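[1] Predicted model and sequence follow; I will ask about them next.
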2 protein chains.
Amino acid sequence: MEHTSPVAAHLRAVYEHHLPNRSGVVADYIPELAKVEPDLFGIAIALVDGHVYEVGDSRHEFTIQSVSKAFTFGLALEDHGRSELLRRVGVEPTGDPFNSIVLDEDGNRPPNPMVNAGAIAVTGLVMGANATDRWARILGNLSAFAGRPLSVDDAVARSEELTGHRNRAIAHLMRGFDMIRPEVDEVLDLYFRQCAVNVNAVDLALMGATLAAGGRQPRTGAEVIGSEETASVLSVMSSCGMYDWSGEWIYRVGLPAKSGVGGGIVAVLPGHAAIGVFSPRLDAKGNSVRGLLACEQLSRELGMHLFVGNRTSATALRSAYGRDAVSSSYHRLADEEQALRVHGSEIHIVELQGALAFGSIELLSRLVVSLLSDTNELLLDFGRVPEIEAEAEALLLELIDECVSAGVAVGLVAVPASALFELRAFSRAKHDGTVRFHDDLDAALEPAEDRLLRRHGLDGEVDGVDLAAASVCVSLDADDLDVLRAVTRERSFGRGETLARPGDPTTSAWIVLGGIITIAAPDGPANGPGRRLRSVGPGSIVGEMALISGAPRSAWITAETPVRVRELDPQGLDEFTTLRPAGAAMLYRNLCGVVGGWLRDSSPIPSRRSHPNG
Amino acid sequence: MEHTSPVAAHLRAVYEHHLPNRSGVVADYIPELAKVEPDLFGIAIALVDGHVYEVGDSRHEFTIQSVSKAFTFGLALEDHGRSELLRRVGVEPTGDPFNSIVLDEDGNRPPNPMVNAGAIAVTGLVMGANATDRWARILGNLSAFAGRPLSVDDAVARSEELTGHRNRAIAHLMRGFDMIRPEVDEVLDLYFRQCAVNVNAVDLALMGATLAAGGRQPRTGAEVIGSEETASVLSVMSSCGMYDWSGEWIYRVGLPAKSGVGGGIVAVLPGHAAIGVFSPRLDAKGNSVRGLLACEQLSRELGMHLFVGNRTSATALRSAYGRDAVSSSYHRLADEEQALRVHGSEIHIVELQGALAFGSIELLSRLVVSLLSDTNELLLDFGRVPEIEAEAEALLLELIDECVSAGVAVGLVAVPASALFELRAFSRAKHDGTVRFHDDLDAALEPAEDRLLRRHGLDGEVDGVDLAAASVCVSLDADDLDVLRAVTRERSFGRGETLARPGDPTTSAWIVLGGIITIAAPDGPANGPGRRLRSVGPGSIVGEMALISGAPRSAWITAETPVRVRELDPQGLDEFTTLRPAGAAMLYRNLCGVVGGWLRDSSPIPSRRSHPNG
């Protein structure tokens, strides 16, 4: 059975609803255009990840006509920049028809790039060594947006060439004001050919989706146009894209769009998707009748509207808490743990989520500023942030400046790859040593805790203990301890030495008498130790669960410092149990308490730390 | 030390940068307006949560003038609906100045509600029993947007009344076409008073933030305007809000906005925030000079632009996995656990995050449709979804329809409160019994697992076991078991009976011989059991960690079915240890294995299940 996405179902329903509509007439101002089969109808929706929904004649080719204006405008923006282009072409909707010949009074500029006068001027501004080169760039640009090589309908191009009298008039008028280059015929030739490029509805949808994705073609991955230029193109599409129906369009449909007399419309929902429609019958304003209606219905039913839908940043702050609510997995002595609890609010952790834009960084700023006077260490966890928008990143850098100038050390955890380079460069240049980068929160917490302990006079030196002081030896009597000493042997390991590797057959457990041992996940780089699971110090026992179950090691066990242990192997444990059964009962009972404590602490969020066995 | 948010710092920098600018002249077409101190300058940014940043003369009152047009347009939209209003007033930008007297050719309509003609028509459309009532509604509406009672500057109102000749001409022209109500003087009186309402920059920012928040005033919480009407107001502001500079404004600033000749501008970033500016010197088009420049700079520097910034839905799918990757905490027998592992992909879980709009539901649809043919149960976890947008909710309902028609049972987990009523009503009406609602994923998984087990012929009946078969009794010899029987006593509990409450002093542990016992978190409704932590069946032991540590109970322990247990109290345990030390050592050792197993399973994500003690 074929299952249908509701989006596909909507698309088909919209298609079928408008299919019988025969209103409007096909463009006939040039003979070639009038030859099109008038009842063709195709719609496509392309998502920013390149997925396409399509229905009807979505692969039927037609000439792009004025839809090209938006994309060639983008190319000219890349060539000249926004300010220079604005000197040559306005961006004001006119309320006049697309073929208006009016230029503005101040600068003799055409009113905007979406009417013919403006589009001809824009095409004339595309750079290139010569006409051939300029044409290659124009066609190449349209093809890059579509993600496939496009070609020209020569018959239509010739037909435009022969009959485009009004466009010739417009061009010569602008030539009179020195607003386009001297070679009027060449500019017009480029313009006519640009309008005669063949596309289908899927092409239009993907061209629009490239704008929706900030300039990145969803299928080829090519950066077709910069994000600033993308914003400019979308702005002009939103104000001028639908000729003198643009206001009503943005009111009814709410999407930046561009239509062409070939019957095509592209409409863009920034960040999400774009619609491409093809239906040749046009209304009096030159817009595709069924195209308008289909876009309006899709916008209304699917919430594809600039001003509809929640784009709020209120959920950007996932959680914020002090060190009193969370610990690094590094082993701390009792007095250290006590100091960390009492002074825990000197370290603050903020977890962020979602793509970060203005609103989210504003929320973060407000929170962080309120914390600064009580905090010495701020850890920002970006582990759930896929992307940081450029302006938001600039704000973030300023927030970090503010923290540093308030004497707060900043740790950035799991910064998204796309922002890492810039943040690192900034940190090196301005705050070397004060802003630190970490892969995970645990790795960030440990040094922050170390600094907290040093501020409070705890130097982190670890004294050794006697076997009797080990947690598993509580309530053992002197005879028990003697036997336990006899069945274990003392060993030492150097800093960094490996006690066990994942997959090793289990031989022993280790009661730590001196130093720190780290247990790390198996998935590290180059098959080495990965994320630290915990570290333990004198008095702890390591590796005993595998000893009991007989299962192979599941993690790395490594000496963090020089380490002194008593090693207990299976025979030793059996011997101890045989010789001192009551002592063994006590040892196992102690072990239950140790493991139970770990179980209770295994949730990083204190509120979740209910004991799962009541 | 006072710490500054970077947003506040930007605001101040923008203010100081433009403060020396003395370009432009104050409006002088009515004498009262010309009296304003021309160098005043205030800016405010209001966030959708009501937080306000402000600088300069942000509390100085001035008359709202044309900024009122946007908000009274909203009121008329609420009164008449979008289609009816469109018959009376167009929404097309004209390129003509604000006081243009041109009506359109088709319908004799004023071109849009943001020029004087359209605004007068709109004010005339506000409903009310009489002029007093209509005025109360207009002033009340502006006050509701601002979140405080506003008042009129009578001198300005009188001044407009005496000198508004052109507006009188416009009104009478429309009266001639029957486009406004007969009482032209009354309509003009309302219009002049509306324009003379006093506001400050903070008011404007909060009025805009109400639109940014979809119609909800951020401080009072009042629903001032519907979300559809909000979208319409923002649309018209984006296309026509800045007079014949609207195209350039959206190109440069990219925010729906409205300006007034009193020197005010409001600019809205939907979903996030709004800017309110006051600076009385105007440019030739009637827009505040410093207001424009300040908005442009804020938009550029902070990324407050409609078409800038990532609003993508690519992060909406948090994770998706089958039942093979996760288990409910309900006790399953070995053959059941085996069946659940083998057939686990019949149950699929999708976790969503962030506010859901078109793009996110589209992604979800695509994933779910691809799963339908292999899945019997679909669980959608909304635990991290704060809100579902209306159109997205409609799509979601259709997706559920598709699932149900494909024979897939749907469980909706932790649906946000705002969507719960509608989803429940839909489910009752169409899919009662097939769509289920659950508070958390665990509660949803259990019945889905039950149905899976029934499909595979496992009826879930639990046989009783002998004490010898309990997990803690492995390797105990017959004498050990006899003593253990002697020091424990058999007890029975009825379905739903409570064995222990959080905070109870610990007395016993229970070895389960028959039935199912549930352990639940303490934070339930009406102080009853909350989220289930796990359930256990015959052969398990419950409550032993508290027995060992002597700590009070931390959770609810309840009989899920009729239950038969052996109860072990501290004296019994001590007695057993004394009489059978080797047996006790074995019992504790077994217990270590049990607790170790729980520790290993305590992460719901399989990849995180490394054993924290190596």
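    Cool, the structure landed. Values in this document were obtained by computation on a predicted structure and should not be read as measured data.
[2] ranges for the helices of the stretch 151-300 of chain A?
    A:154-163, A:165-176, A:184-195, A:201-212, A:227-240, A:246-252, A:289-302 (DSSP state H, counting those that start in this stretch).
[3] Which residues are in contact with the residue lying closest to A:Arg134 once chain neighbours are set aside?
    Closest residue to A:Arg134 apart from its sequence neighbours, by Cβ to Cβ, 6 or more residues apart in numbering or on different chains: A:Gly128 at 3.4 Å. From N, CA and C alone the C-beta is placed, and that goes for glycine too. By Cβ atoms under 8 Å, 6 or more residues apart in numbering or on different chains, the residues touching A:Gly128 are A:Arg134, A:Trp135, A:Ala136, A:Arg137.
[4] Can you give me the neighbour number for the first one?
    When counting by other Cβ atoms under 10 Å in any protein chain shown, one arrives at 20 neighbours for A:Arg134.
[5] Quickly name whichever of the contacts of A:Gly128 is closest to B:Val236.
    Of all these, A:Arg137 has the smallest distance to B:Val236: 37.8 Å, by Cβ to Cβ.
[6] So that closest one: helix, strand or coil?
    Assigned by DSSP: H, G, I helix; E, B strand; the rest coil, the conformation of A:Arg137 is helix.
[7] just checking, it touches A:Leu75?
    Yes: when contacts are counted by Cβ atoms under 8 Å, A:Arg137 is listed as touching A:Leu75 (6.7 Å).
[8] and A:Ser471, backbone torsions?
    With angles defined as degrees, to the nearest 10, A:Ser471 sits at phi -60, psi -30.
[9] got a pLDDT number for it?
    On pLDDT, A:Ser471 comes in at 87.
[10] Also the one 3 residues further on?
    Per-residue pLDDT puts A:Val474 at 89.
[11] Where does the nearest residue to it once chain neighbours are set aside sit: helix, strand or coil?
    Once flanking residues are discounted, A:Val474 sits nearest to A:Asn590: 5.3 Å by Cβ to Cβ, 6+ apart. On the three-state scheme (three-state DSSP), A:Asn590 is labelled helix.
[12] separation between A:Asn590 and A:Ser405?
    50 Å (Cβ to Cβ, to the nearest Å).
[13] Looking only at neighbour counts, state which of these two leads.
    The neighbour comparison of A:Asn590 against A:Ser405 (other Cβ under 10 Å) goes to A:Asn590, with 21 against 13.
[14] residue contacts, the more buried one?
    Taking Cβ under 8 Å, 6+ apart, one finds A:Ser471, A:Val472, A:Cys473, A:Val474, A:Ser475 in contact with A:Asn590.
[15] can you list residues touching both of A:Arg137 and A:Leu75?
    Listed as contacting both A:Arg137 and A:Leu75 by Cβ under 8 Å, 6+ apart are A:Val126.
[16] With only the CA atoms kept, save the strand or helix carrying A:Arg534 in PDB.
    Counting by DSSP states H and E, the element that carries A:Arg534 is strand A:532-536. Taking Å, rounded to 0.1, in the frame of the first residue of the first chain, the C-alpha atoms of strand A:532-536 are listed here in PDB:
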ATOM      1  CA  ARG A 532      35.000  10.200  30.600                       C
ATOM      2  CA  LEU A 533      32.300   8.300  32.500                       C
ATOM      3  CA  ARG A 534      33.700   9.000  36.000                       C
ATOM      4  CA  SER A 535      37.000   9.200  37.900                       C
ATOM      5  CA  VAL A 536      37.600   7.800  41.300                       C
END
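[17] returning to what we had before: compare A:Arg137 and A:Leu75 and say which is more crowded by neighbours.
    Of the pair A:Arg137 and A:Leu75, A:Leu75 is the one with more neighbours under other Cβ under 10 Å, namely 26 against 19.
[18] which SS class is that one?
    Assignment for A:Leu75 (three-state DSSP): helix.
[19] what's the spacing between it and A:Arg193?
    According to Cβ to Cβ, A:Leu75 and A:Arg193 sit 14 Å apart.
[20] can I see the domain layout of chain A?
    A:6-302, A:317-455, A:467-608 (automatic domain parsing).
[21] And the average pLDDT for the longest one is what?
    Right, domain A:6-302. Domain A:6-302 comes out at a mean pLDDT of 91.
[22] okay, how far is it across that domain, tip to tip?
    10 Å (Cα to Cα, to the nearest Å).
[23] which element is the residue sitting furthest away from the middle of chain A on?
    For chain A, the largest distance from the centre (Cα atoms, centre = their mean) belongs to A:Asp479, which lies 63.0 Å off. Here A:Asp479, judged by DSSP H and E, is contained in helix A:478-487.
[24] That helix packs against which elements?
    Helices and strands touching helix A:478-487, by 3 or more Cβ pairs under 8 Å, 6 or more residues apart in numbering or on different chains; DSSP states H and E, are strand A:563-568, helix A:570-579, helix A:581-601.
[25] Dump the ones you listed to TSV, plus mean pLDDT.
    Shown next, in TSV, are the helices and strands packed on helix A:478-487 (pLDDT from 0 to 100):
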stretch	mean pLDDT
strand A:563-568	94
helix A:570-579	92
helix A:581-601	81
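[26] hang on, the earlier thing: which residues does the helix or strand just after the helix holding A:Asp479 contact?
    Downstream of helix A:478-487, the next assigned helix or strand under DSSP H and E is strand A:489-493. Outside strand A:489-493, the residues within contact range by Cβ under 8 Å, 6+ apart are A:Leu499, A:Trp510, A:Leu513, A:Gly515, A:Ala559, A:Pro562, A:Val563, A:Arg564, A:Val565, A:Arg566, A:Glu567.
[27] Which element, helix or strand, includes the closest residue to chain B within the stretch 351-500 of chain A?
    Per Cβ to the nearest Cβ, A:Glu391 is where the stretch 351-500 of chain A lies closest to chain B, at 2.8 Å. Using DSSP H and E, A:Glu391 falls within helix A:390-405.
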